[in-house]
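Peer 1: fold the following for me, if possible:
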Amino acid sequence: MSRAQCLVVRNNKILMVKHHDDKNEWWCLPGGGIEKKETPQQAALRELKEECRVNGKIVKLLSYQHYNNEAESYSYLVDIGNSEPELGSDPEFPLNDQAMIDMKWLSLWEIPERDRCYLWAAGLIGIPGMVKEVECWGNEISYPLEKEGSKRI
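Peer 2: Coordinates of the predicted model:
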């Protein structure tokens, strides 16, 4: 299934939604599946409205990924003006058993490494101010420690 998502930035913080399943929790951008007869732009804005209860305006396409013959991902820079988002709900889940459990404005340093890597694939480097953030990181090589059962590639 194809996916569309919104990258919303305010004061160098990124609007993120926290999801969970039986085993894990993770932060991701507001977004989700593209429905039939819906453009990727329409899907991104609909998902933003469902998950964060705000309307947005597409500024530009930041990233397009083609994963296989059936899956594509679109990431858009979206402006929500001065609107104040709040945690919404996913209509695919019952209200008492939502996959979304939190929504926050997060700085890059507040986002776990695993979740942060997806932001770069979504086009975060195309956001004004983010290049300066990366330039101050330094030249050290770092990589998360291996966990039991995991292997580095």
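Peer 1: okay, and the nearest residue to H20 once chain neighbours are set aside sits in which element?
Peer 2: Distances taken as C-beta to C-beta, 6 or more residues apart in numbering put I101 closest to H20, at 5.3 Å, once the chain neighbours are dropped. C-beta here means a position set from N, CA and C on the backbone, and glycine is covered the same way. Using DSSP states H and E, I101 falls within strand 100-106.
Peer 1: that strand: which residues count as buried?
Peer 2: Neighbour counts over strand 100-106 (16 or more other C-beta atoms under 10 Å) mark 100, 103, 106 as buried.
Peer 1: would TSV of those with pLDDT and distance to N11 be doable?
Peer 2: Compiled in TSV, those are given as follows (pLDDT from 0 to 100; distance: C-beta to C-beta, whole Å):
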residue	pLDDT	distance to N11
M100	84	23
M103	95	16
L106	96	11
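Peer 1: tell me which of these is nearest to E86?
Peer 2: M103 (7.0 Å; C-beta to C-beta).
Peer 1: near E84, how many other residues are there?
Peer 2: 8 (other C-beta atoms under 10 Å).
Peer 1: quick one on the thing from earlier: make CSV from the buried residues of strand 100-106 and add distance to D90 to it.
Peer 2: Shown next, in CSV, are those (distance: C-beta to C-beta, whole Å):
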residue, distance to D90
M100, 6
M103, 12
L106, 20
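Peer 1: among these, find me the one that's closest to S63.
Peer 2: L106 (18.9 Å).
Peer 1: surely that closest one meets W27?
Peer 2: Yes. When contacts are counted by C-beta atoms under 8 Å, L106 is listed as touching W27 (6.9 Å).
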